[in-house]
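1. Here is the input, now give the coordinates:
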Amino acid sequence: MGISGVKIFMIVLALTAVLMTIFRPAPLEPANPDAVTITLSFWGSYEEWGMWREIVDLFHADNPDVFVKLNYIPDGYDDKMRLLLAADSAPDIMLIQDEPFPAYAGYGKFVDLTDWAYSEDCPVDWDKDFWPTAAESFRYKGGIYGAPIWGGNVLVYYNREMFREMGVEPPSDDWTFDEFIAKGKELTRDTDGDGDIDTFGFALPGWIYFLPWTWGFGVNYLNETCTDWAFTGPEALAATAFYQDLRFRHHISPSIQEVPTVQEGAMFMTGRIAMNCSGPWNSPGLKTAGIDFDVVHIPFGPNGERATRVTWDSLCMFDKCKNKGAAWRFIQHCISYDAQAIVGKYVRSVPALIEAKDAFCDPDNGWNEEKYIDALGYARVQPISKKWDAMNNVMVPEYERLLLNKITPEECIENMATNMRRDGVFPIKERE
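-> Purely as a prediction, here's the structure:
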């Protein structure tokens, strides 16, 4: 067997393994033996499995002629979806994130939902009933290729018990970057006098969750059409230096030597790291662990404004789906108020349907989750294009070197621009 034959054989084996892993029989069987079966793929935690079961059970109660088979894929979801799409063996309906969506849509294997979305039978006004960034995230070349279902932005979580025990006032919702640093320094202490820092103010996130601070300097990674690299100039340098300074100059964030990244979540829960940055999906685990926490809005940046990164997930229909009418019926159900209220009840994500925000906000939850709704007013979609993966692959290693103090901020932004051009990701037009 030649080299090309070996490659083909290995691809076939990989696809077979994926198909056998993903499409194992579901424990739930249709009550109606004559029901049409459609398949739904999704990822997530056990809470999300329970959420999907509720949504699907509600659908089955009203649609006994359609059976939704759940295909839960807990890890490697994007890689498996790419393989299944390449093999024309994808599920009828797929949960798809906004980050890989443009590339997936470019494959030409999603159904254009535009006519259905604007039909009289659709339960929502597509242009008014969703959060604006949710609806826009799944348009491609003038068509609608995904129905937004849920998402969320990132805010600053803080450990209320740690703040109380250390005698530090909680942050205010109108704080600034300077006040953020000052608060972090108050919480960074050598508590036992041995010369090593025992508590830190802030767990430094990856570049995606750090976007609110980057944007606070008035700089973008891509131009408005997401076709060119724009992260150059003095604003980019200031944002990059600020990122590194949190660890090495202000020292409110631990280094890898002080705290391995994998331990930062546990240290927040045990009162050794006071603040981190995440979305509502972080809250179920904290609630289950009994952590006394709350969230605060993103601080205002040096440009006098603030922004937060918002991300959305959608349901996309495979163009080889044999029962598109049944699949659309299920998608309509998922964007209806009743299903979106189930999403809100779990407080794991913000429902894409604006009307369902009341189900997300519950005064008995014990923390201010409504701030995630408020923050949608200043939320921005992250820089996404068909070249998302290639762009990310250039940025991540440079930021890793920056946060290991192996390169300067100047070298970091220059390396990213050089590699974007070298790898053909973006043409890079230098800013004036």
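2. And the strands in the stretch 151-300 of the chain?
-> Secondary structure of the stretch 151-300 of the chain by DSSP state E, counting those that start in this stretch: the strands cover 155-159, 200-202, 273-278, 293-296.
3. what comes into contact with the longest one?
-> Residues outside strand 273-278 that contact it (Cβ atoms under 8 Å, 6 or more residues apart in numbering) are 154-159, 162-163, 166, 168, 171, 183-184, 187, 199-203, 205, 209-210, 212, 254, 259, 264-265, 267-268, 282. In short, each C-beta sits where N, CA and C put it, glycine included.
4. Paired strands for that strand, with orientation please.
-> Here strand 273-278 is paired, per DSSP bridges, with strand 155-159 (antiparallel), strand 200-202 (parallel).
5. where's residue 71, which helix or strand?
-> Using DSSP states H and E, residue 71 maps to strand 66-72.
6. quick one: whatever helix or strand comes next after that strand to chain centroid distance?
-> Once the chain leaves strand 66-72, the next helix or strand it forms, by DSSP H and E, is helix 77-86. Taking Cα atoms, centre = their mean, to the nearest Å, one finds the center of helix 77-86 at 19 Å from the center of the full chain.
7. Could you pull out the buried residues of helix 77-86?
-> Residues 77, 78, 80, 81, 82, 83, 84, 85 are the ones in helix 77-86 that count as buried (16 or more other Cβ atoms under 10 Å).
8. which residues does residue 344 contact?
-> Contacts of residue 344 (Cβ under 8 Å, 6+ apart): 350, 351, 356, 357, 358, 359, 360, 361.
9. Going through the residues you listed, which ones are buried?
-> So, by 16+ other Cβ under 10 Å, the buried ones in the contacts of residue 344 are 350, 351, 356, 357, 359, 360, 361.
10. What sits closest to the first one if chain neighbours are left out?
-> This points to residue 350. Once flanking residues are discounted, residue 350 sits nearest to residue 152: 4.7 Å by Cβ to Cβ, 6 or more residues apart in numbering.
11. So what pairs up with the one you found in the strands?
-> residue 311.
12. hang on, the earlier thing: can you list the strands paired with strand 273-278 in CSV and add distance to residue 413?
-> Formatted as CSV, the strands paired with strand 273-278 follow (distance: least, Cβ to Cβ, whole Å):
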stretch, distance to residue 413
strand 155-159, 25
strand 200-202, 22
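13. Low-confidence bits of the stretch 201-350 of the chain, can you list those?
-> 262 (pLDDT under 70).
14. hmm, try it at 90
-> The stretch 201-350 of the chain contains residues with pLDDT under 90 at 256-266.
15. these two touch, right, residue 373 and residue 361?
-> Yes - the pair residue 373 and residue 361 passes the contact test of Cβ atoms under 8 Å, sitting 6.4 Å apart.
16. how far away is residue 95 from residue 215?
-> Distance of residue 95 to residue 215, computed by Cβ to Cβ, to the nearest Å: 27 Å.
17. let me fix that: residue 32
-> Distance from residue 32 to residue 215, by Cβ to Cβ: 51 Å.
18. Pick out whichever of the two has more residues nearby.
-> residue 215 (24 against 12; other Cβ atoms under 10 Å).
19. model confidence over stretch 182-189, on average?
-> Per-region confidence: stretch 182-189 scores 98 on mean pLDDT.
20. and the residue nearest the centre of the chain, how far is that from residue 81?
-> The centre of the chain sits closest to residue 311, judged by Cα atoms, centre = their mean, with a distance of 4.9 Å. Using Cβ to Cβ, residue 311 is found at 17 Å from residue 81.
21. Also residue 272?
-> From residue 272 over to residue 81 (counting by Cβ to Cβ), the distance is 38 Å.
22. And for residue 209?
-> 23 Å.
23. quick one on the thing from earlier: is it possible to get the buried residues of helix 77-86 out as a markdown table so that each row also shows distance to residue 414 and pLDDT?
-> Converted to a markdown table, these look like this (distance: Cβ to Cβ, whole Å; pLDDT from 0 to 100):
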| residue | distance to residue 414 | pLDDT |
| --- | --- | --- |
| 77 | 34 | 95 |
| 78 | 30 | 93 |
| 80 | 37 | 94 |
| 81 | 35 | 94 |
| 82 | 32 | 92 |
| 83 | 36 | 94 |
| 84 | 39 | 94 |
| 85 | 37 | 93 |
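24. any chance of the residues you listed in TSV, with distance to residue 120 too?
-> Converted to TSV, the buried residues of helix 77-86 look like this (distance: Cβ to Cβ, whole Å):
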residue	distance to residue 120
77	35
78	35
80	37
81	32
82	36
83	38
84	33
85	32
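25. Dump the buried ones among the contacts of residue 344 into a markdown table; add secondary structure and distance to residue 126 as well.
-> A markdown table is the format used below for the buried ones among the contacts of residue 344 (DSSP: H, G, I helix; E, B strand; the rest coil; distance: Cβ to Cβ, whole Å):
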| residue | secondary structure | distance to residue 126 |
| --- | --- | --- |
| 350 | strand | 18 |
| 351 | strand | 15 |
| 356 | helix | 15 |
| 357 | helix | 18 |
| 359 | helix | 21 |
| 360 | helix | 21 |
| 361 | coil | 24 |
